[in-house]
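Colleague: Quick one, fold the following:
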Amino acid sequence: MPSTTISDAKALLRKEIRARMKALSPEERRKSDDALFARFLALPAVAEAGVILLYHGMGAELDTARLIPALLDMGKTVALPRCTDEPGVMDARPVEKDTVLIRHRYGMLEPGPDRPVIPPEAIDLILVPGLAFDRQCYRLGQGGGYYDRYLERFSGAAVALCRDCFLLDAVPHEEHDHRVDQVITETGTYRLPCP
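Modeller: Residues are numbered from 1 along each chain as shown. I've put the predicted structure just below:
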């Protein structure tokens, strides 16, 4: 399948998934978040991780900001991504419960430039965002390529949380698209096969 066809398929699917996300009621989102966060916090990989890179959900995404105090209370170092001046590139910056976050032009909240950078090799686990995932651990991102570029430099555990209703049979993907190690839904866990 030519790359332009895959790009077109991704664009159409993004539009469809965003509409479906917005259609979920606040109560549906809260119940889903509760179940997903409980499963995430119970993961052995989370227990073993010292440094965790989260993302700060926005709009109809998971309300991942709720995980920050829980992980800090577990003694974890928690970081959030910050977009750099280089297009499509992000880095990780540590946050505390009282860290002031700044709204990026894309809408997400991120740490300020005064926060130190944590290199990818110092991070044990990344919670990777996505609009949808499939059982083969491919993800449909927002389209900026930030996480694919970051995952190229990362060797720790890459985990995703996905509402059951956005777990698809197959997500269109290209050669540069990185899979996550596991996708967790409210009712299931899907892992990459061992090499």
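Colleague: Every contact and neighbour count from this point should use C-alpha atoms.
Modeller: OK.
Colleague: Now do the same contact list for the nearest residue to residue 156 once chain neighbours are set aside.
Modeller: Among residues not flanking residue 156 along the chain, residue 124 sits closest, at 4.9 Å (CA to CA, 6 or more residues apart in numbering). Contacts for residue 124 (CA atoms under 8 Å, 6 or more residues apart in numbering) come out as 49-52, 156-157.
Colleague: Secondary structure element for residue 159, which one?
Modeller: Under the criterion of DSSP states H and E, residue 159 resides in strand 157-161.
Colleague: helices and strands around that strand, which ones?
Modeller: strand 125-127, strand 182-184 (3 or more CA pairs under 8 Å, 6 or more residues apart in numbering; DSSP states H and E).
Colleague: Distance from it to the middle of the chain?
Modeller: Offset of strand 157-161 from its chain centre (CA atoms, centre = their mean, to the nearest Å): 7 Å.
Colleague: Contacts for that strand, please.
Modeller: Defining contact as CA under 8 Å, 6+ apart, one finds that strand 157-161 is touched by 36, 40, 45, 124-130, 180-185.
Colleague: try 10 Å this time
Modeller: For strand 157-161, the surrounding residues in contact (CA atoms under 10 Å, 6 or more residues apart in numbering) are 33, 36-37, 39-40, 45-46, 49, 52-54, 62, 64, 123-130, 132-133, 137-139, 151, 167, 178-186, 189-191.
Colleague: Cross the residues you listed against strands and list the overlap.
Modeller: If you go by DSSP state E, the contacts of strand 157-161 have 52-53, 125-127, 132-133, 139, 167, 182-184, 189-191 in strands.
Colleague: State the pair within these that is farthest apart.
Modeller: Within those, 52 and 167 form the most distant pair, 23.7 Å apart (CA to CA).
Colleague: Show me which of these two is the more surrounded one.
Modeller: A direct count of neighbours by other CA atoms under 10 Å for residue 52 and residue 167 places residue 52 higher, at 25 against 20.
Colleague: surely residue 151 meets residue 179?
Modeller: Yes: counting by CA atoms under 10 Å, residue 151 touches residue 179, with 9.0 Å between them.
Colleague: between those two, who's got more neighbours?
Modeller: Between residue 151 and residue 179, counted using other CA under 10 Å, the more crowded position is residue 179 (23 against 19).
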